[in-house]
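Asker: all I have is the shape, not the residue letters:
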């Protein structure tokens with residue numbers, strides 16, 4: 001019977017190893033093969049899902065016994081990466097509607113897979129897929145959050161922008177024209193004001209480079225040559241707009257304390273005298289309220 005063609009699993013070129021790996025021995029000799037106590041694997045793409053899970057369990061137990069930086073450790077770890085690339089493609093498929101190239105999304109997801117492999121603990125008794133998919137998806141979402149939005153936009157508007165894009169495509173396919181904000185609001189069950197705000201926020205998804213040249217007919221050169229100084233007050237305005245709904249959700253007393261402290265610029269003692277509270281009580285309420293607002297702002301990012 002003819003020997004079956006096999007190949008050792010190689011590390012995907014999309015993402016470099018996250019940890020240093022010892023180089024194979026030099027001197028003209030061939031690099032060592034896989035650890036002798038592991039089976040020789042066929043091409044990873046030919047392995048079924050069930051077999052990949054079973055092999056991953058064996059490999060994770062073996063990985064825990066190996067020393068980091070050795071060739072055997074690198075072989076096992078890289079094999080785990082390629083065996084589980086299907087998880088990356090599965091997670092990346094959820095973001096197919098995003099304008100970013102799928103190749104870039106898969107590359108970022110591969111980094112998430114590597115992190116999941118490095119952090120996975122076999123003794124917890126969980127399936128690797130249960131642990132890996134959220135880690136991979138989180139890495140992709142973090143990539144979008146950090147690289148695609150040009151300005152600060154609250155999360156609710158980011159989520160609504162995706163819904164608006166889908167609703168706009170569906171409406172255009174049905175009526176052969178672009179919808180109005182009122183029609184989008186009716187379709188999504190949102191207010192016209194909320195839809196308008198989300199449409200405006202969508203303009204911050206991409207931005208043009210200040211080095212980009214204007215229309216040659218204008219002859220005005222790059223945008224940077226025609227802009228004024230940086231206005232640092234814009235950041236304060238953005239924060240104020242993001243704080244408005246958070247402040248509106250506070251109890252009336254806390255809203256009053258914020259108004260007296262930052263509107264009328266009263267001291268904590270003066271606020272306490274105005275509201276019939278002790279200075280210590282005002283201090284605790286103010287600290288708690290500011291912490292809630294800070295947490296709300298971070299959640300909006």
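Answerer: Received, thanks. Computed from a predicted structure; not experimentally measured.
Asker: same for the helix or strand containing residue 161, what does it pack against?
Answerer: Remark: residue 161 resides in helix 155-175, with elements defined by DSSP states H and E. On a contact count with 3 or more Cβ pairs under 8 Å, 6 or more residues apart in numbering; DSSP states H and E, helix 155-175 meets helix 181-188, helix 192-202, helix 279-300. From N, CA and C alone the C-beta is placed, and that goes for glycine too.
Asker: what helices or strands is the first one leaning on?
Answerer: Looking back up the chat, that one is helix 181-188. So helix 181-188, by 3+ Cβ pairs under 8 Å, 6+ apart, packs with helix 155-175, helix 192-202.
Asker: which residue comes closest to residue 195 once chain neighbours are left out?
Answerer: Once flanking residues are discounted, residue 195 sits nearest to residue 185: 4.5 Å by Cβ to Cβ, 6 or more residues apart in numbering.
Asker: isn't the one you found up against residue 199?
Answerer: No - using Cβ atoms under 8 Å, residue 185 is not in contact with residue 199, being 10.4 Å away.
Asker: which one's more surrounded, those two?
Answerer: residue 185 (20 against 16; other Cβ atoms under 10 Å).
Asker: contacting residues around the more buried one?
Answerer: Taking Cβ atoms under 8 Å, 6 or more residues apart in numbering, we find residue 185 in contact with 191-192, 194-195.
Asker: can you do 10 Å?
Answerer: Applying Cβ atoms under 10 Å, 6 or more residues apart in numbering to residue 185 gives the contacts 164, 167, 179, 191-196, 198.
Asker: what about burial for the residues you listed, which qualify?
Answerer: Neighbour-count burial (16 or more other Cβ atoms under 10 Å) applied to the contacts of residue 185 gives 164, 167, 179, 195, 198.
Asker: least confident pick among those?
Answerer: Lowest pLDDT among the buried ones among the contacts of residue 185: residue 198, with 79.
Asker: quick one: contacts for it?
Answerer: Residue 198 sits in contact with 153-154, 156-164, 181, 184-185, 188, 190, where contact means Cβ under 10 Å, 6+ apart.
Asker: give me that answer again for 6 Å
Answerer: 157, 160-161, 164 (Cβ atoms under 6 Å, 6 or more residues apart in numbering).
Asker: not counting sequence-adjacent ones, nearest residue to it?
Answerer: In space, residue 198 is closest to residue 160, 4.1 Å off (Cβ to Cβ, 6+ apart).
Asker: relative to residue 177, how far out is the one you found?
Answerer: Distance of residue 160 to residue 177, given as Cβ to Cβ, to the nearest Å: 22 Å.
Asker: higher neighbour count, those two?
Answerer: residue 160 (22 against 9).
Asker: could you check the pLDDT of that one?
Answerer: 79.
Asker: same question, residue 155
Answerer: At residue 155, the pLDDT recorded in the model is 68.
Asker: just the helices from the protein, written as ranges.
Answerer: 49-65, 71-83, 85-93, 102-119, 128-147, 155-175, 181-188, 192-202, 233-248, 252-258, 268-275, 279-300 (DSSP state H).
Asker: compare the mean pLDDT across the ones you listed and name the weakest.
Answerer: helix 233-248 (a mean of 74).
Asker: ok, residue 271 - contacts?
Answerer: 260, 282.
Asker: endpoint to endpoint, stretch 60-78 covers what distance?
Answerer: Chord length of stretch 60-78, first to last residue, is 11 Å (Cα to Cα, to the nearest Å).
Asker: for that stretch, list every residue counted as buried.
Answerer: Neighbour-count burial for stretch 60-78 [16+ other Cβ under 10 Å]: 60, 62-63, 66, 71-78.
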